[in-house]
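Q: fold the following for me, if possible:
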Amino acid sequence: MNQLQLVATIAERDVLRYTPAGVPIVSAVLMHSSHQREAGIDRLVEFEVPAFAAGEISGRFGNAELGASYRFDGFLARKNRNSKALVFHIIDFSAA
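A: Here you go, the predicted model:
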């Protein structure tokens, strides 16, 4: 199963664009910060992840407030067929 839920802020976001097939898409960078328990030790976890929203949700995502915290649902996939880099594909989000 490839399913990811993440609470993050929208650190950067591009303007709405369209794929060659006419699908609306918005690319962004999400920033996450939390405390996680690992091997009995509290650990600060911080990272940025490239993300995008495609289709119907792209309009709502494109209008979401930068810097605000949201709960994102989606999955991870390669950036493109020949890449090893991962991108978070947002399929839904709501206020955190």
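
Q: surely R17 touches I25?
A: Yes - using C-beta atoms under 8 Å as the test, R17 is close enough to I25 to be in contact (5.9 Å). Just so you know, the C-beta spots here come from the backbone N, C-alpha and C atoms, and that holds for glycine as well.

Q: give me the more crowded residue out of the two.
A: When R17 and I25 are compared for neighbours, I25 comes out ahead with 16 against 12, by other C-beta atoms under 10 Å.

Q: next up, the contacts around the more buried one.
A: Residues in contact with I25 (C-beta atoms under 8 Å, 6 or more residues apart in numbering) are 16-19, 52-54, 58.

Q: now it. Nearest residue, chain neighbours left out?
A: Leaving aside its chain neighbours, I25 sits nearest to A54 (4.6 Å; criterion: C-beta to C-beta, 6 or more residues apart in numbering).

Q: if I look at that neighbour, how far off is R37?
A: A54 sits 34 Å away from R37, going by C-beta to C-beta, to the nearest Å.

Q: same drill for the two, tell me which one is more crowded.
A: Higher neighbour count among A54 and R37: A54, with 16 against 8, using other C-beta under 10 Å.

Q: any idea how far L44 is from the more buried one?
A: For A54, the distance to L44 - C-beta to C-beta - is 32 Å.

Q: distance of the residue in the chain sticking out farthest from the centre from E46?
A: In the chain, the residue that sits farthest from the middle, by C-alpha atoms, centre = their mean, is G40; the gap is 28.7 Å. G40 sits at a distance of 20 Å from E46 (criterion: C-beta to C-beta).

Q: in space, what's closest to the residue nearest in space to the middle of the chain - neighbours in sequence excluded?
A: By C-alpha atoms, centre = their mean, the mean C-alpha position of the chain lies nearest to A51, the distance being 3.8 Å. By the measure of C-beta to C-beta, 6+ apart, the closest residue to A51 outside its immediate chain neighbours is F88, 4.0 Å from it.

Q: that neighbour touches P50, doesn't it?
A: Yes - contact between F88 and P50 holds when scored by C-beta under 8 Å: they sit 6.9 Å apart.

Q: who has more neighbours, those two?
A: Shown here are F88 and P50; by other C-beta under 10 Å, F88 has more neighbours (21 against 14).
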